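Engineer: one predicted model, sequence on top.
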Amino acid sequence: MPVNPAGWGNILRIAVPLVLASSGHAIRLLADRIMLARYSRETISASMPAGLTCFVMMSFFIGTAGYVNAFVAQYTGARQHSRVGQAVWQGLYLAMIGGLLISMAGQFGEPLFRLIGHAPAVQVEQVKYFRILCRLSMPAIMLSVILCFWSGQGRSRTVMCVELFCALVNIALNYALIYGKWGCSELGIRGAGIATGVSSIAGLAIAFVLFFRPAQRKLFNTWPRKTFDLGLMRRLLRFGAPNGLQFFLDMAAFNFFILLLGRASAEALEATNMAFGLNAMAFIPVVGLGMTASILAGQCIGARNIPQAKRAVANIMKLGFLYTGTMALIYFLLPDLVLAPYTRANDPGQAAVMPIAKHCLRYIAAFLVFDAMYLVYAHAIRGAGDTRFAMLLGIGLSWGTLVLPCFVFHLMHLSVWHMWKVLVGHVILAGVLFMWRYRTGKWEHMRVIETPPAIEEEEFHIHA
């Protein structure tokens, strides 16, 4: 029986596993932050700047190579199944190149964090964490790419299972390696980095086993005679590189914001890490909704069914408003409850941090709904192929309305709360402008895959 791509049943079939998969990643981040917060102030203060700095370097390759998601979605919609496996292989090659380059960059951690200028004790922990994450970055990038094989087809349960498995491995290893439990050495923040890397390796191994199953090899050509396709690689770079560049510069701008906040005081740095650790539970699941919008928009474009794409995005946006609105109320009304897991026993110095963290959460609550608008609409137009405009708009917003004013306020020695107000305004503007771009309809006439010689006129059906 044909599936209605814009129907609630199909949207939830794809979105719920992707949201849970994204939540699994959010749980990994939150578990890192909570366990490191309970370990020491220095480790929690170091974790986000060091982790985010490594992720900034990974982001270009994740955004570029991971754009195979749009290719898989459009090939699926166009019923060109034999091209799906080859598209994923091009992303895997880019991921391996990126992982190799980033692993070499880890040796520059010490001068980098000395330049950033956080407290010396924090710098020591930052360098430890950064080096390990860089050395183990390749499996994480490759995992993000190979999971596109299933997410692009709308088969998101596999993505969910792999991500939740990674989360369980990560949490268990965190507990063992950070605190020295179950016969393991106590490694502190190094243990957190190792746990993150090993969990990605474990997830990648499972994903490869599933990717090379005989049924996948036969239908989707996951083990072609020639894994490298120059023409397909050029198309991936043409559409994916702007996506990767935007992702990189967005993350770099956000990292710059975090580093500026951290220079204000040790208390502000710790409170910021706590607040954004919790924000991951609101933000990252909505990334799953954005991925759903990208997948369904891509599949509908591949099938040349634009009205269904519009209905799908509208329904996904309703889910985004519902979820972020609920999380905003929780953060605004119950900050003590959600911050309780961060509490360190016998540390009276943490008392000065909690009021700052609560105030940070209220600022986050103010922009969450607009963050959902940005994520869903931006993913939808990029899934169609509108990556160049999204890149230009994203770069202008990140550096023009976030980095520049925050840097000026920092030079003027103004309160960190001025920077938080800038962040709120930046997210609101991003949400409104990407909604405007979506509503212009430019994305409706785009396509990232090659046009086949003949396209069968048949009712659109998503492969389940």
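Structural biologist: Structure received.

Engineer: can you pull the contacts of residue 133?
Structural biologist: Neighbouring residues of residue 133 by CB atoms under 8 Å, 6 or more residues apart in numbering: 50, 51, 54, 106, 193, 196, 197. C-beta: built from backbone N, CA, C; applies to glycine.

Engineer: would you put the C-alpha positions of the helix or strand encompassing residue 192 in PDB?
Structural biologist: Taking DSSP states H and E as the definition, one finds residue 192 inside helix 189-211. Output of helix 189-211 as PDB, limited to C-alpha atoms (Å, rounded to 0.1, in the frame of the first residue of the first chain):
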ATOM      1  CA  ILE A 189      38.900  13.800  31.600                       C
ATOM      2  CA  ARG A 190      41.100  11.500  29.500                       C
ATOM      3  CA  GLY A 191      38.700   8.700  30.400                       C
ATOM      4  CA  ALA A 192      35.800  10.700  29.000                       C
ATOM      5  CA  GLY A 193      37.600  11.300  25.700                       C
ATOM      6  CA  ILE A 194      38.500   7.600  25.400                       C
ATOM      7  CA  ALA A 195      34.900   6.600  26.100                       C
ATOM      8  CA  THR A 196      33.600   8.900  23.400                       C
ATOM      9  CA  GLY A 197      36.000   7.600  20.800                       C
ATOM     10  CA  VAL A 198      35.600   3.900  21.700                       C
ATOM     11  CA  SER A 199      31.800   4.200  21.600                       C
ATOM     12  CA  SER A 200      32.000   5.600  18.000                       C
ATOM     13  CA  ILE A 201      34.300   2.800  17.000                       C
ATOM     14  CA  ALA A 202      31.800   0.200  18.400                       C
ATOM     15  CA  GLY A 203      28.900   1.900  16.600                       C
ATOM     16  CA  LEU A 204      30.800   2.100  13.300                       C
ATOM     17  CA  ALA A 205      31.600  -1.600  13.400                       C
ATOM     18  CA  ILE A 206      27.900  -2.500  13.800                       C
ATOM     19  CA  ALA A 207      27.000  -0.100  11.000                       C
ATOM     20  CA  PHE A 208      29.400  -1.600   8.600                       C
ATOM     21  CA  VAL A 209      28.200  -5.100   9.300                       C
ATOM     22  CA  LEU A 210      24.600  -4.000   8.500                       C
ATOM     23  CA  PHE A 211      25.800  -2.000   5.500                       C
END
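
Engineer: which one is residue 272 nearest to, not counting chain neighbours?
Structural biologist: Nearest residue to residue 272 in three dimensions, chain neighbours excluded: residue 261, at 4.9 Å (CB to CB, 6 or more residues apart in numbering).

Engineer: number of residues surrounding that neighbour?
Structural biologist: 24 (other CB atoms under 10 Å).

Engineer: swap in residue 227?
Structural biologist: Residue 227: 15 surrounding residues under other CB under 10 Å.

Engineer: excluding chain neighbours, what is closest to it?
Structural biologist: residue 89 (4.4 Å).

Engineer: how many degrees apart are the one helix or strand the one you found maps to and helix 189-211 in direction?
Structural biologist: If you go by DSSP H and E, residue 89 is part of helix 82-105. Angle, helix 82-105 to helix 189-211, by axes from the mean of the first three to the mean of the last three CA atoms, to 10 degrees: 160 degrees.

Engineer: buried sites along helix 82-105?
Structural biologist: Across helix 82-105, burial judged by 16 or more other CB atoms under 10 Å covers 83-96, 98-99, 101-103, 105.

Engineer: OK, contacts around residue 342?
Structural biologist: 33, 34, 37, 38, 44, 274, 277, 357.

Engineer: any chance of CSV for the residues you listed, columns pLDDT?
Structural biologist: Output for the contacts of residue 342, formatted as CSV (pLDDT from 0 to 100):
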residue, pLDDT
33, 79
34, 82
37, 83
38, 84
44, 83
274, 84
277, 79
357, 89
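
Engineer: most widely separated two among those?
Structural biologist: Maximum pairwise distance in the contacts of residue 342, criterion CB to CB, is 14.8 Å, between 38 and 357.

Engineer: let me see the backbone angles for residue 303.
Structural biologist: phi -90, psi 0 (degrees, to the nearest 10).

Engineer: got the end-to-end distance for stretch 141-156?
Structural biologist: 18 Å (CA to CA, to the nearest Å).

Engineer: how far does it sit from its chain's centre?
Structural biologist: Relative to its chain's centre, stretch 141-156 lies at 13 Å (CA atoms, centre = their mean, to the nearest Å).

Engineer: that stretch - what's its average pLDDT?
Structural biologist: Averaged across stretch 141-156, the pLDDT comes to 89.

Engineer: so what's the residue nearest to residue 272 up against?
Structural biologist: For residue 261, the contact set (CB under 8 Å, 6+ apart) comprises 268, 269, 272, 416, 419.

Engineer: the strand or helix carrying the last one - what's its average pLDDT?
Structural biologist: Think residue 419. Taking DSSP H and E as the criterion, the element that holds residue 419 is helix 416-440. The average of the pLDDT scores along helix 416-440 is 94.

Engineer: just checking, what packs against it?
Structural biologist: Helix 416-440 sits against helix 230-264, helix 353-384, helix 387-398, helix 404-411, with contacts defined as 3 or more CB pairs under 8 Å, 6 or more residues apart in numbering; DSSP states H and E.

Engineer: on contacts alone, who are the packing partners of the helix or strand bottoming out on mean pLDDT in the chain?
Structural biologist: When each helix and strand of the chain is scored by mean pLDDT, DSSP states H and E, helix 8-39 comes last, with a mean of 77. Contact partners of helix 8-39 among helices and strands, from 3+ CB pairs under 8 Å, 6+ apart: helix 41-65, helix 156-179, helix 189-211, helix 266-302, helix 306-333.

Engineer: residue 352 is nearest to which of the ones you listed?
Structural biologist: Taking CB to CB, helix 266-302 is the member of those nearest to residue 352, at 5.2 Å.
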